[in-house]
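Visitor: below are the sequence and a predicted model; questions follow.
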Amino acid sequence: MTTVLASSESLTATDRCDRCGAQAYVRVVLSKSDLLFCAHHGRQHELKLREVAREFHDETARLSATGADKSDDEG
């Protein structure tokens, strides 16, 4: 179950991908709920998600900004 977050809130390490459970870097705001995705699944489904989303909140730039190993965070 995904917790609905205010769109201005940044994603944290406790936010997990609804698809695989990895750390979430993408939040898709729908009319009644939010979906969270890791960078991998956010990219994989981005085109379809943008078609139905009220908001597409992408924080994947944080991965390169911190020098994080993408294979650990993407799932």
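Guide: Yep, that arrived. Remember, it's a predicted structure, so these values are computed and weren't measured experimentally.
Visitor: so what's the residue nearest the centre of the chain bridging to?
Guide: The structure's the chain has its C-alpha centroid closest to Val26; by Cα atoms, centre = their mean the separation is 1.8 Å. Beta-bridge partners for Val26, by DSSP bridges, are Phe37, Asp58.
Visitor: okay, now Thr14: neighbour count?
Guide: Thr14: 8 surrounding residues under other Cβ atoms under 10 Å. Just so you know, the C-beta spots here come from the backbone N, C-alpha and C atoms, and that holds for glycine as well.
Visitor: hang on, the earlier thing: what about the residue nearest to the centre of the chain, distance to Thr12?
Guide: 14 Å (Cβ to Cβ, to the nearest Å).
Visitor: now do the strands in this protein.
Guide: 26-29, 34-37, 55-58 (DSSP state E).
Visitor: how about those strands in TSV, adding distance to Asp18 and mean pLDDT?
Guide: Shown next, in TSV, are the strands of the chain (distance: least, Cβ to Cβ, whole Å; pLDDT from 0 to 100):
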stretch	distance to Asp18	mean pLDDT
strand 26-29	9	97
strand 34-37	5	97
strand 55-58	14	96
